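Q: fold the stuff below for me.
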Amino acid sequence: MEDCFLLKSLGVQWDFFQVPAAGLSGGLMVLWRKDLASFSVLEASSQMIVGKLDVLGKGSWMVAFVYGSNEIQNRRTLWTDLEKHCSGNLPFVVGGDLNCIISQAEKRGGKKFSVNQGSKDFTNFMIRNYLHEIKSMGPRFTWCNNKNGGARILEKLDRCLINTIALNFIHIALVKNLSRVSSDHCPILLEVFKPLEHTKSTIRYEEVWASYYGASALVKSVWKRNCKGDPATILNLKFKRTLKALFYWSKEKYKGLNALRDKLKDEILEIQLEESEGVLSVERLQILRFKINELNVTLARINTWWRQRAKARWMDEGNCNTSFFHAFASARRSLNWISHIKIGSGIFSEEESVIQDTFSDFFICKWQFRDCILEGWLRPSKVLSLEDQRMLEAGFLQEELQVVEEISKRSISPSVDGISFSFIKDFWQTIKGDTWIAVKQFMISGFMDESLKEIMIVLIPKIKSPQEPVH
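A: Prediction:
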C-alpha cells in the first residue's frame, strides 16, 4: 500500500510506521493518533517494531509490537533484540503474535504439547526481564488453523506482557481477545488507562501503624472510653472506634515512606561525602548515625507494608525489599481484580454492579436453607471416649484464649470491619479483657451479635482466568 494512499485513507490525525511484508510473511504496522500521542521508532526488524510512545497526560512508554517467527532460532534472535530494550526505567509493553505456547492448556487439537527449547527460551526471556503476562478475557485460544474435525487446532499465540514498572504504574490491566473474523488470529486489545469506579473504601488495619511511637498510648486512650451494650456489642464498637482513630492519627505519618527513604539516602550521602573531604565534627557524626538509624526504621516499615499486601510466607526468610518481591505483590493485586463475569445468558459483562449481583446470587443459592435428616446418627457415647467427652464439655478458660492469640499468625482472617489478627496481636494487652468478657458471654448464652457474624469471602481461582463462579 502506498504511503500517501494510506494517509489519505486514515485522515490527517493519524500517522504510521510499517515493516513491509516479505513473501508469504506478513509485515508489521504501527498507527497512532498524532493529537493524542507521538511514537518514535528505536529498532525495527521483520519480527518487531520497538519504540517510545509519549501519551498525552500519561507519560512515556516503551512499546514492542511483535510478529514472531515460527522458527525457534529466529525467535531466539527476537528475544535477544527485545532484551536490549528491557533494562530501562520506563514502563514496557510487549504485545502481538509471539508464536509460542508454554503449556498444554494453551493448545487444543493436533499433537500433544511437550516442552521444547522454544518454550524454554520464551519462559527464560520473561523471567530474566521481569515480564508479566496480563490476564485476558474472551476466547481462550487466539489462533485457529480453520480446519474441521480432528485436524482442527487452536492455540494461544497472541499475548501481552508488561514489566514491573508498568505493573506498578497502571495497577489494573486487561487484555481482551476479540472475535476472529477476517484472520486466523484474534485481535487483542490492551486496556491500561480504563478509569475505575471509586467506591467507598473500608478502613483496614495496617501493621506499620504499630511501629510508630504513640500508637499503643492512642489505642489505650480510645479503648478506655465507655460504651453501652452487651459485651459483644461493646467489643465490636471499640474495634471500630479504635481502628478509625488509628487511621486518622497515622494518615500523615506513613503515606510518604518512599519519599522519606529517598530523602534520608540523599542526606546520608551528603554527610559521607563531607566526611571524605575532612574529619566530621561530633555533632555531624551524631546526625549521621541518627539518619542511618531512621533510614533502617523506614526501610523496615516499607517492608512491613509490602509484606501485608503480598501474603507471601517466604518474606520471613529475607526476600523483603527486592524488585521481585514488589512485583509479586503488584502482580497479585492485578490477578485478583475481577474485571468481567460471564452471566446466565452466556455473555460477558464488565459492569461492577452486574459482577456483584452475579456473585451475590451464586452464594444466596449455594447457602439457602436445606432440610437435613438427623435420624440415625450415632450417639456421642458410641464414638467418643469419656476423656474426649469431658474435654468437650469443660468450660473454655481465659488461658486457652491466650494460647489462641499466641499461636495465631499475623495478617490472617481479616474481617469486614478491617480488623485482622495483626491488630489483636499488636494490642493484645489492651484489648484482652474486653475480648475475654465477650467470648465468655457467648460460651454461656450461645448467642452472638449479628455484626460479629459478618464474614469476608475469599474467592480462590482454581483455573487460570476464571470467567464465572462454579460449585
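Q: not counting its own residues, what contacts stretch 212-223?
A: 209-210, 238, 241-242, 245-246, 249-250, 253-254, 426-427, 430-431, 434 (C-beta atoms under 8 Å, 6 or more residues apart in numbering). Placement of C-beta: from N, CA and C, glycine included.
Q: mark which of these are part of helices, please.
A: 238, 241-242, 245-246, 249-250, 253-254, 426, 430-431, 434 (DSSP state H).
Q: just the buried members of these?
A: Listed as buried from those are Lys238, Thr242, Ala245, Leu246, Trp249, Ser250, Lys253, Tyr254, Asp426, Thr430, Ile431, Asp434; burial here means 16 or more other C-beta atoms under 10 Å.
Q: okay if I get those as a markdown table plus distance to Tyr130 and pLDDT?
A: Putting these into a markdown table (distance: C-beta to C-beta, whole Å; pLDDT from 0 to 100) gives the following:
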| residue | distance to Tyr130 | pLDDT |
| --- | --- | --- |
| Lys238 | 44 | 92 |
| Thr242 | 40 | 91 |
| Ala245 | 40 | 90 |
| Leu246 | 35 | 89 |
| Trp249 | 37 | 83 |
| Ser250 | 32 | 78 |
| Lys253 | 31 | 63 |
| Tyr254 | 27 | 59 |
| Asp426 | 33 | 91 |
| Thr430 | 43 | 94 |
| Ile431 | 42 | 93 |
| Asp434 | 47 | 92 |
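Q: possible to save the residues you listed as a markdown table with distance to Ser45?
A: A markdown table is the format used below for those (distance: C-beta to C-beta, whole Å):
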| residue | distance to Ser45 |
| --- | --- |
| Lys238 | 65 |
| Thr242 | 61 |
| Ala245 | 60 |
| Leu246 | 56 |
| Trp249 | 57 |
| Ser250 | 52 |
| Lys253 | 51 |
| Tyr254 | 47 |
| Asp426 | 56 |
| Thr430 | 65 |
| Ile431 | 64 |
| Asp434 | 69 |
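Q: picking up where we left off before, with the contacts of stretch 212-223 in mind, which one is nearest to Ile162?
A: Of all the contacts of stretch 212-223, Tyr254 has the smallest distance to Ile162: 27.8 Å, by C-beta to C-beta.
Q: quick one: low-confidence ranges for the stretch 351-471 of the chain?
A: 380-381, 412-415, 455-457, 464, 471 (pLDDT under 70).
Q: try 90
A: Along the stretch 351-471 of the chain, the parts satisfying pLDDT under 90 run over 351-396, 404-422, 441-471.
Q: please identify the helix or strand for Gln402.
A: If you go by DSSP states H and E, Gln402 is part of helix 398-407.
Q: rewinding a little: Gly95: which of the buried ones among the ones in helices among the contacts of stretch 212-223 is nearest?
A: Comparing those against Gly95 with C-beta to C-beta places Tyr254 closest, at 36.4 Å.
Q: for the residue nearest to Lys240 when sequence neighbours are not counted, which residues are in contact?
A: Leaving aside its chain neighbours, Lys240 sits nearest to Asp417 (5.9 Å; criterion: C-beta to C-beta, 6 or more residues apart in numbering). Counting by C-beta under 8 Å, 6+ apart, Asp417 makes contact with Thr202, Asn236, Phe239, Lys240, Leu243, Ser451, Glu454.
Q: burial measure for the last one, as a count.
A: Right, the one you point to is Glu454. By the measure other C-beta atoms under 10 Å, the count of residues near Glu454 is 11.
Q: name the SS class of the residue nearest to it when sequence neighbours are not counted, please.
A: Leaving aside its sequence neighbours, Glu454 sits nearest to Val416 (C-beta to C-beta, 6+ apart; 4.5 Å). Under DSSP: H, G, I helix; E, B strand; the rest coil, Val416 falls in the coil class.
Q: ok, Val416 touching Ile203?
A: No: the criterion here is C-beta atoms under 8 Å, and Val416 misses it with Ile203 at 11.3 Å.
Q: that older thread, burial measure for the residue nearest to Glu454, as a count.
A: Residues near Val416, counting by other C-beta under 10 Å: 11.
Q: in stretch 446-465, which residues are buried?
A: Result for stretch 446-465 [16+ other C-beta under 10 Å]: buried residues Asp449, Ser451, Leu452.
Q: off-centre distance for it?
A: 20 Å (C-alpha atoms, centre = their mean, to the nearest Å).
Q: can I get that stretch in CSV? Just the C-alpha atoms.
A: Below are the C-alpha coordinates for stretch 446-465, written out as CSV (Å, rounded to 0.1, in the frame of the first residue of the first chain):
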residue,chain,number,x,y,z
GLY,A,446,-24.8,-19.3,72.9
PHE,A,447,-25.8,-16.0,71.3
MET,A,448,-23.5,-13.9,69.1
ASP,A,449,-24.1,-10.4,67.9
GLU,A,450,-25.0,-10.3,64.2
SER,A,451,-22.2,-7.8,63.4
LEU,A,452,-19.6,-10.4,64.6
LYS,A,453,-21.0,-13.0,62.2
GLU,A,454,-20.1,-10.9,59.1
ILE,A,455,-17.5,-12.8,57.1
MET,A,456,-15.2,-11.9,54.2
ILE,A,457,-15.5,-14.4,51.4
VAL,A,458,-12.2,-15.0,49.6
LEU,A,459,-12.5,-16.2,46.0
ILE,A,460,-9.6,-18.5,45.1
PRO,A,461,-9.3,-19.3,41.4
LYS,A,462,-8.7,-22.9,40.7
ILE,A,463,-8.1,-22.3,37.0
LYS,A,464,-6.3,-19.6,35.0
SER,A,465,-8.6,-16.6,34.2
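Q: need the contact partners of that stretch.
A: Residues from elsewhere that reach stretch 446-465 (C-beta under 8 Å, 6+ apart): 105, 135-137, 140, 230, 232-233, 235-236, 338, 359, 363, 414-417, 442, 469.
Q: outline the domain layout of the chain.
A: Domain ranges of the chain: 3-191, 200-337+383-471, per automatic domain parsing.
Q: least confident of those domains, on average?
A: Among the domains of the chain, domain 200-337+383-471 carries the lowest mean pLDDT, a mean of 79.
Q: and that domain, how far out from the chain's middle?
A: For domain 200-337+383-471, the distance from its own C-alpha centre to the chain's C-alpha centre is 19 Å (C-alpha atoms, centre = their mean).
Q: backbone dihedrals for Leu190, please?
A: Here is the backbone geometry of Leu190 (degrees, to the nearest 10): phi -100, psi 120.
Q: picking that back up, which of the buried ones among the ones in helices among the contacts of stretch 212-223 lies closest to Asp15?
A: Closest to Asp15, out of all of those and judged by C-beta to C-beta, is Tyr254, at 45.2 Å.
Q: mind listing the strands for the stretch 1-150 of the chain?
A: 14-19, 28-33, 37-44, 48-55, 59-67, 92-97, 107-108, 131-133, 136-137, 143-144 (DSSP state E, counting those that start in this stretch).
Q: Arg75 contacts Asp121, doesn't it?
A: Yes: counting by C-beta under 8 Å, Arg75 sits close enough to Asp121 to count as a contact (6.7 Å).
Q: comparing these two, which shows the higher neighbour count?
A: Arg75 (22 against 17).
Q: just put the buried residues of stretch 446-465 in JSON lines and tack on distance to Ile153 and secondary structure.
A: Below are those laid out as JSON lines (distance: C-beta to C-beta, whole Å; DSSP: H, G, I helix; E, B strand; the rest coil):
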{"residue": "Asp449", "distance to Ile153": "59", "secondary structure": "coil"}
{"residue": "Ser451", "distance to Ile153": "56", "secondary structure": "helix"}
{"residue": "Leu452", "distance to Ile153": "55", "secondary structure": "helix"}
